[in-house]
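*Asks:* Need coordinates for the following:
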Amino acid sequence: MNLHHICLLIVLAFATTSFQSSADNFEVSYFISQGLYTPWESNQSSESYDIAHEGGNAFSIQMSTSDERAWELYASDFQVELDLNNGQNLFFDLTTTQLGALKLSHGKSFSEYYGAGIGVTHFSPRSFDGSGKDDLSFAFFSGVRFNVTENIAFSLDGRMQFVILDSVTNIACSGGCLIQIKSDVWSHLQLQAGLTFRF
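*Replies:* Down below sits the predicted model:
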């Protein structure tokens with residue numbers, strides 16, 4: 001069991017406990033996502049590697065503790081393509097699990113929120129038979145929900161994600177590593193639209 005699975009179990013346990021204590025303030029959102037990524041910098045040369053978005057989706061569970069504050073469990077799974085500049089591309093699943101805190105603002109026909117979260121981002125190669133890796137990540141985010149009915153809303157969400165790449169960030173390793181990424185804070189923007197269900 002890797003680090004992001006352990007983190008997921010912890011936050012799911014927290015979410016279950018919170019849900020039982022505040023079931024009247026419980027919202028579940030599903031998003032279709034688009035990612036915009038900064039390049040990865042090589043630790044072996046002056047090269048940089050562009051990253052393209054292939055597709056992605058995300059889930060958010062928000063549990064209000066008052067009219068203005070809430071906890072959030074957030075999980076996303078993005079498919080990305082890494083250009084190695086030699087005619088070869090690598091395909092990755094980029095899975096993020098985070099626990100966040102939010103400030104809420106309610107209007108008559110819509111509601112707004114902003115907050116921050118911290119958790120783990122897991123890199124898992126799909127086009128290469130190698131091991132994945134886990135890195136600490138944190139995010140700042142905001143969103144708006146337009147009420148369709150009392151229990152359903154159309155949601156827009158934006159998240160600036162920061163992944164702390166460790167000092168030895170080897171990518172696509174199986175006996176050897178195709179590339180080594182410079183230790184840095186890697187950022188990417190997630191733009192999302194979806195539906196929110198209130199319970």
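
*Asks:* ok, the lengthiest strand in the chain: who's next to it in the sheet?
*Replies:* Ranked by residue count and defined by DSSP state E, the top strand of the chain is strand 89-106. If you go by DSSP bridges, strand 89-106 pairs up with strand 69-83 (antiparallel), strand 110-125 (antiparallel).

*Asks:* Now render those as a markdown table, adding mean pLDDT, distance to S48 and mean neighbour count.
*Replies:* No exception for glycine: its C-beta is placed from N, CA and C like everyone else's. Below are those laid out as a markdown table (pLDDT from 0 to 100; distance: least, C-beta to C-beta, whole Å; neighbours: other C-beta atoms under 10 Å):
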| stretch | mean pLDDT | distance to S48 | mean neighbour count |
| --- | --- | --- | --- |
| strand 69-83 | 90 | 10 | 20 |
| strand 110-125 | 92 | 17 | 19 |
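
*Asks:* Using TSV, lay out these together with distance to F92.
*Replies:* Below are the strands paired with strand 89-106 laid out as TSV (distance: least, C-beta to C-beta, whole Å):
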stretch	distance to F92
strand 69-83	5
strand 110-125	6
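
*Asks:* Nearest approach to F162 belongs to which of those strands?
*Replies:* Of all those, it is strand 110-125 that lies closest to F162, at 9.4 Å by C-beta to C-beta.

*Asks:* what about the helix or strand following the closest one, average pLDDT?
*Replies:* Using DSSP states H and E, the helix or strand that follows strand 110-125 in sequence is strand 133-147. Mean per-residue pLDDT for strand 133-147: 94.

*Asks:* No more questions from me, cheers.
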